[in-house]
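A.B. asks: give me a 3D structure for the following:
(chains A and B)
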Amino acid sequence: MKRRDFMKNALVFVSGASISASALEFIDPKKVLADNPDLRWAFLVDTHKCVGCGFCVKACKTENDIPMGANVTRTWVERYVTKKDGKTVSDSPKGALNGFTNKKIDQNHSGMLEVPDEDIAQAFFVPKLCNHCEIPACVQVCPVGATYSTKDGVVLVDRKWCIGCGYCIMGCPYGVRFFHPTEHVADKCTFCYHRISKGGNTACAQACPFEARRIGNLRDPNDPVAKAVLNQRVGILRDEYGTKPQVYYLGLNKEVH
Amino acid sequence: MVEQVAQMVVHGEAWTMKDLFVLPNEYVYWSIQIVLYPYMTGLVAGAFVLSSLYHVFGVEKLKEIARFALVFSFALLPTAMMPLMLHLQQPLRGIHVMMTPHFTSAISAFGIVFMTYACIVGAEIWFVYRKFIVESIERLGSKAKRSAIESLLLPIYKLISLGARDISPEAIHADHKATKILAGIGIPVACFLHGYAGFIFGSVKANALWMTPLMPVIFIMSAVVSGIALCIISYAIFMELRKWAARRGKNWLLPDALVHGEMTVSEKQLREVQEHEVTMTSKYLLMFMVLAITLELLDIIFRGYTAVKSWDILRDVIYEHDFVKIFVLQYGIGNALPFLMLLIPGITTRRACLACIFVLFGVLMMRWNVVIGGQAFSLTFKGFMHYTLPIIPHDIETFKEGLGGCLLVGSAPFVIFYFINMIFPAFYSEEEEAH
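C.D. replies: So this is what the prediction gives:
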């Protein structure tokens, strides 16, 4: 081969190769087929409005077939009581399935703790659920890819593929995952994906009498949740883990994480 | 609003006791089988590293125990998988890890690393025993009258010889070379096999006790320590059995007898070999123990010194709740005591074995304190979870993840070794063959 031919061929090859490589970039099938840039589900919790009735927990268990008698739950409500000496005690008996009907704080093995009314500086409730993180630790650690993120930002579990190793339960910094008592696979909140993707509301948000819980679309500038996240002072839980949670809290206190 | 509903026990509830503020879904999900998993993997890796000390680095003094360690490592291999299968909620889907691995997960490496490792150990045994296999085929094949076990062994040997029956000096030389190469590759793979088990824990960012880059290294060191210790004990036990059999002129448990058709070793010979091997191996054990303890202490000191947010709860767990398990059982009985026992001059087999039992116990406690200790505190950092090992099972779950499952996994390698030893006699040596 002559030097001129070699140079010519090399030029054709290099330019040809670079064109095809960039073409792959242009038509990333993932982006073209599945990405929905108009939709990103997010959740807004207004802790000021929560009264700890536990309706959300009951509604969730009913809607999603989590046995009432099993001590696991996809969503729960925590109670925080800050005393005048600055110390905070908290509890969540049965995840607040039956609401907070007792003034005493459930300290599990240490029994019920009574805090006299006059000692209380402030008390409030914080509903918790899966944060549907943008960078979910659970998805990263699943050894078989049974847990995954949808393009509209919901983290789901494939019950037919989960091997039940529990690594995702260990990997979640928020403790939202558990083993389903009858399905024997990892389970957690789905933002009621089966409802919201058909235009419905989540079971918990629908059951909440005070609008303390709301689901919304962050990409829609007119969505009340998106507006609140943008215009109000919201907080997220445990941002130090770098998971970018998508459940936003109004009135988040420093004791809550 | 309070309704009466049928209570249902969820996974983990049977052995978890919650104290103070713990989230509703938190339980000790990873229990005894996950304690045993790194323990068994560690034993596999450790036994292999011990056998490689001879094959790769030519530590002649470890020749006898090296062959035993290799076969024992092979017997331990399937049992490293057992705890995982007993732990999975969907054991039948366990194969998904190998078929559809999700590579961002540390566990997905299991399929690849484990299979690679199994192939290396299998191949190395094949090369080490190829001469023996071919000779056995000839010996058994030429026999006019074969016993039942011999007629069973012959087709097995024929099959595993894979048709390679050349035992010319060149071929044997090639075998030795292959063994050396395989053992050489095997060391990093064994370390990787166990290092990744450490990585499974060390990479869980949600767990304050687990998350440290030191975890894989700590796991590798303690793996080598436990592997060597188990080899010393098992070697000594099997040698005792052989001595016992030799005294009575029994053939069983004596592969030499199978090879030569008669006894070629005396009890005195056996005793000398045993003393020599056990005391030599103990010296290597000491070296790895120093490394393991140094790293573990570094971890605790570093956590205390940097004292990040989680240190408050970790301090409670380490110095109060788990004080006895960590400082008395793990560091005291499991590390300091055997360390002194091995250090005092004039070591005997008996003392070495006793020290090794303490070492094995110490490493088991270390695994326990990592796995269970890591789940002893809540994500809220304001509550604790206490774990009780289910002793008497009342359903399949409390058997699998209780004392029953624990004993099942613990005894399996010895049962497997018993059978593998019939095919690949772990105590057979080529010198005896030359007599």
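A.B. asks: is it true that B:Gly404 touches B:His394?
C.D. replies: No. In this structure, B:Gly404 is not within contact of B:His394 by C-beta atoms under 8 Å, at 11.2 Å. Where you see a C-beta, it was placed from the backbone N, CA and C, and this is true even at glycine.
A.B. asks: so which of those two has more stuff around it?
C.D. replies: The neighbour count for B:Gly404 versus B:His394, taken as other C-beta atoms under 10 Å in any protein chain shown, is higher for B:Gly404 (18 against 10).
A.B. asks: part of a strand, is that one?
C.D. replies: No. Per DSSP: H, G, I helix; E, B strand; the rest coil, B:Gly404 lies outside any strand segment and is helix.
A.B. asks: for the residue of chain B found nearest chain A, the count of nearby residues, please.
C.D. replies: Residue of chain B nearest chain A, by C-beta to the nearest C-beta: B:Gln89 (2.5 Å). Residues lying near B:Gln89 (other C-beta under 10 Å) number 19.
A.B. asks: give me the secondary structure label for the nearest residue to B:Thr100 once chain neighbours are set aside.
C.D. replies: In space, and not counting its chain neighbours, B:Thr100 is closest to A:Val144: 5.4 Å by C-beta to C-beta, 6 or more residues apart in numbering or on different chains. Of the three states, A:Val144 takes coil under three-state DSSP.
A.B. asks: contacting residues for A:Val144?
C.D. replies: A:Val144 makes contacts with A:161-163, B:93, B:96-97, B:100-102, B:108, as judged by C-beta atoms under 8 Å, 6 or more residues apart in numbering or on different chains.
A.B. asks: who wins for most neighbours among those residues?
C.D. replies: Within these, A:Cys162 tops the neighbour count with 27 neighbours, counted by other C-beta under 10 Å.
A.B. asks: how much space between it and chain B?
C.D. replies: A:Cys162 sits 7 Å away from chain B, taking C-beta to the nearest C-beta, to the nearest Å as the criterion.
A.B. asks: isn't that residue right up against A:Ala146?
C.D. replies: Yes. Using C-beta under 8 Å, A:Cys162 makes contact with A:Ala146 at a distance of 4.1 Å.
A.B. asks: what's around the closest residue to chain B within the stretch 101-250 of chain A, how many residues?
C.D. replies: Nearest residue of the stretch 101-250 of chain A to chain B, counting by C-beta to the nearest C-beta: A:Gly164, 2.5 Å away. Neighbours of A:Gly164 under the rule other C-beta under 10 Å: 21.
A.B. asks: helix, strand, or coil at it?
C.D. replies: Assigned by three-state DSSP, the conformation of A:Gly164 is coil.
A.B. asks: for residue 63, which non-adjacent residue is spatially closest?
C.D. replies: All of this refers to chain A. The shortest distance from A:Glu63 to any non-neighbouring residue, by C-beta to C-beta, 6+ apart, is to A:Ala203 (3.6 Å).
A.B. asks: not quite, I wanted chain B
C.D. replies: B:Tyr54 (5.4 Å).
A.B. asks: you'd agree the one you found is up against B:Leu62?
C.D. replies: Yes. Using C-beta under 8 Å, B:Tyr54 makes contact with B:Leu62 at a distance of 4.5 Å.
A.B. asks: tell me which of those two has more neighbours.
C.D. replies: Counted by other C-beta under 10 Å, B:Tyr54 and B:Leu62 do not tie: B:Leu62 has more neighbours, with 25 against 20.
A.B. asks: and the gap between the more buried one and A:Asp223?
C.D. replies: 70 Å (C-beta to C-beta, to the nearest Å).
A.B. asks: quick one: the strands in chain A?
C.D. replies: For chain A, the strands defined by DSSP state E cover A:41-46, A:76-83, A:88-91, A:105-106, A:112-113, A:120-128, A:147-149, A:155-157, A:178-179, A:186-187, A:213-217, A:234-235, A:247-250.
A.B. asks: of all these, which one is nearest B:Val273?
C.D. replies: Within the strands of chain A, the stretch nearest B:Val273 is strand A:178-179; the backing value is 51.2 Å (C-beta to C-beta).
A.B. asks: put together a markdown table for the strands of chain A, with distance to chain B and mean pLDDT on each row.
C.D. replies: Below are the strands of chain A laid out as a markdown table (distance: least, C-beta to the nearest C-beta, whole Å; pLDDT from 0 to 100):
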| stretch | distance to chain B | mean pLDDT |
| --- | --- | --- |
| strand A:41-46 | 16 | 96 |
| strand A:76-83 | 5 | 96 |
| strand A:88-91 | 5 | 94 |
| strand A:105-106 | 9 | 94 |
| strand A:112-113 | 9 | 93 |
| strand A:120-128 | 8 | 95 |
| strand A:147-149 | 9 | 95 |
| strand A:155-157 | 12 | 96 |
| strand A:178-179 | 4 | 96 |
| strand A:186-187 | 8 | 96 |
| strand A:213-217 | 17 | 95 |
| strand A:234-235 | 17 | 94 |
| strand A:247-250 | 15 | 96 |
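A.B. asks: tabulate those strands (CSV), appending mean neighbour count.
C.D. replies: Shown next, in CSV, are the strands of chain A (neighbours: other C-beta atoms under 10 Å in any protein chain shown):
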stretch, mean neighbour count
strand A:41-46, 24
strand A:76-83, 21
strand A:88-91, 20
strand A:105-106, 21
strand A:112-113, 13
strand A:120-128, 19
strand A:147-149, 19
strand A:155-157, 22
strand A:178-179, 25
strand A:186-187, 26
strand A:213-217, 21
strand A:234-235, 17
strand A:247-250, 22
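A.B. asks: same list (those) but as a markdown table, adding distance to B:Phe114.
C.D. replies: Listed next are the strands of chain A as a markdown table, based on distance: least, C-beta to C-beta, whole Å:
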| stretch | distance to B:Phe114 |
| --- | --- |
| strand A:41-46 | 39 |
| strand A:76-83 | 38 |
| strand A:88-91 | 43 |
| strand A:105-106 | 44 |
| strand A:112-113 | 49 |
| strand A:120-128 | 38 |
| strand A:147-149 | 23 |
| strand A:155-157 | 25 |
| strand A:178-179 | 25 |
| strand A:186-187 | 23 |
| strand A:213-217 | 43 |
| strand A:234-235 | 44 |
| strand A:247-250 | 38 |
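A.B. asks: next up, the contacts around the spatially closest residue to the residue of chain B closest to chain A that is not a sequence neighbour.
C.D. replies: For B:Gln89, ignoring the flanking residues on the chain, the nearest one in space by C-beta to C-beta, 6+ apart is A:Gly164 at 2.5 Å. Contacts for A:Gly164 (C-beta under 8 Å, 6+ apart) come out as A:179, A:184-186, B:88-90, B:93.
A.B. asks: do the same with B:Leu285
C.D. replies: B:225, B:228-229, B:232, B:342, B:356, B:359.
A.B. asks: Three-state assignment for it, please.
C.D. replies: Put simply, B:Leu285 is helix when judged by three-state DSSP.
A.B. asks: return the residues of the stretch 151-300 of chain B in contact with chain A.
C.D. replies: By the rule C-beta under 8 Å from any C-beta of the partner chain, the part of the stretch 151-300 of chain B lying against chain A is B:200, B:203-207.
A.B. asks: recalculate using a threshold of 10 Å.
C.D. replies: B:200-201, B:203-207, B:210 (C-beta under 10 Å from any C-beta of the partner chain).
A.B. asks: pLDDT at residue 143, what is it?
C.D. replies: No chain was given, so I picked chain A. At A:Pro143, the pLDDT value in this model is 93.
A.B. asks: look at chain B instead
C.D. replies: For B:Lys143, the predicted pLDDT is 83.
A.B. asks: surely it meets B:Glu150?
C.D. replies: Yes. Using C-beta atoms under 10 Å, B:Lys143 makes contact with B:Glu150 at a distance of 6.9 Å.
A.B. asks: before we move on, the earlier item: TSV for the contacts of A:Val144, including distance to B:Leu286 and pLDDT?
C.D. replies: Formatted as TSV, the contacts of A:Val144 follow (distance: C-beta to C-beta, whole Å; pLDDT from 0 to 100):
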residue	distance to B:Leu286	pLDDT
A:Trp161	47	94
A:Cys162	45	95
A:Ile163	41	95
B:Arg93	43	93
B:His96	42	90
B:Val97	37	89
B:Thr100	44	89
B:Pro101	39	90
B:His102	41	91
B:Ser108	36	86
